[in-house]
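> sequence first, predicted model second:
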Amino acid sequence: MPYPYQQSYAQRALKQTNSTAKLLLETMERKKSNLAVSVDVTKTKDFLAIIDVVGPFVCLIKTHIDILEDFKHDLIQHLQDLSVKHDFLIFEDRKFADIGNTVALQYSSGVHKIASWSHITNAHPVPGPSIIAGLSSVGLPLGRGLLLLAEMSTKGSLATGSYTENAVRMARAHRDFVIGFIAQRRMDGVGATAEDAVEDEDFLILTPGVGLDTKGDAMGQQYRTPKEVVLDSGCDVIIVGRGIYGNDPTLIDAIAASAKRYMAEGWAAYLERLSS
Ligand code: S5P
């Protein structure tokens, strides 16, 4: 029997208990895309224009909603309309990192009301399991999913070794809400003891630090190719930001072409993984 990650996204969707994890895998299969675009721009106009043009090629759009200088709440309706138009999920990359009570408020309330529109969000495991308790009190009744940052793509990251193992243990104890990880490799079975039943464990791995043309930036980011990420490391979703829109968010035709290219590379690596 192949490991879960060697099965198709469709097969894996059938076994997910969290509805968001299931929906993401089904969307990947339907659109033949394991590409997520990270839309890190500061103007609403560019933000929506990029999403509209890359929408057909992605399974997921990743946002940093607090980067937008001209945020108004009606933007959320536009984002949701695009998510329906192009059939993608939304992932607000909020990286929560506080006590349970505070993250529950940050997730549900404030200017952005993230839980009301973002299918997926993420958290640093650094506070311990209480961060999951806080976020799931808001997100679970809404059918949302959480990713823990088990590793990071940056040079000198402290999220390694026993920190990573403990992140996976935390996730394993909260499988109703934690659907997987931001990480650079598969995490199934990591940190497991003999008592843990992990043979069928299937965490989704969403991986940033993906670029085809450069190896990094001037601020510690490190890039690997879709092939290294999906085929060699067994990750599920490639997250690409500047590799797709470069330094000019207005070059819409080039952005579309780039998204297509990453989508094709990511899917080819997945098909090669399935056949290997
Ligand atoms: O380890 C990480 C985790 C994340 S979520 N490394 C990352 O780069 N990210 C995010 O992925 C980061 O916040 C940014 O939004 C995106 C990568 O952007 P790029 O322009 O470097 O592709």
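Structure's in. What do you need?
> distance between the ends of stretch 33-53?
15 Å (Cα to Cα, to the nearest Å).
> what about that stretch, near the ligand?
Yes. Applying Cβ under 6 Å from any ligand atom, one finds stretch 33-53 in contact with the ligand at Ser38, Asp40. Quick note: C-beta positions are derived from backbone N, CA and C, even for glycine.
> check which residues of that stretch are buried.
33-41, 44, 46-53 (16 or more other Cβ atoms under 10 Å).
> hey, where'd the strands end up in this protein?
All strands of the chain, identified by DSSP state E, fall at 35-39, 60-63, 89-96, 120-123, 145-149, 178-182, 204-207, 237-240.
> neighbours of the residue nearest to Gly139 when sequence neighbours are not counted, how many?
Counting by Cβ to Cβ, 6 or more residues apart in numbering, Ala115 is the residue found nearest to Gly139 once chain neighbours are left out, at 5.6 Å. Residues lying near Ala115 (other Cβ atoms under 10 Å) number 19.
> do the one 10 residues further on as well
The burial count assigned to Pro125 is 23, neighbours taken as other Cβ under 10 Å.
> give me phi/psi at it?
Pro125 has phi and psi values of phi -80, psi 0 when expressed as degrees, to the nearest 10.
> for this structure, which residue gets nearest to the ligand?
Going by Cβ to the nearest ligand atom, the ligand is nearest to Gly241 of the chain, at 2.6 Å.
> tell me who's in contact with that residue.
The neighbours of Gly241, taking Cβ atoms under 8 Å, 6 or more residues apart in numbering as the test, are Val37, Ser38, Val39, Asp40, Lys62, Pro208.
> and if we set it to 6 Å?
For Gly241, the contact set (Cβ atoms under 6 Å, 6 or more residues apart in numbering) comprises Ser38, Asp40.
> backbone dihedrals for it, please?
Here is the backbone geometry of Gly241 (degrees, to the nearest 10): phi -110, psi -90.
> likewise Lys72?
Here is the backbone geometry of Lys72 (degrees, to the nearest 10): phi -130, psi 150.
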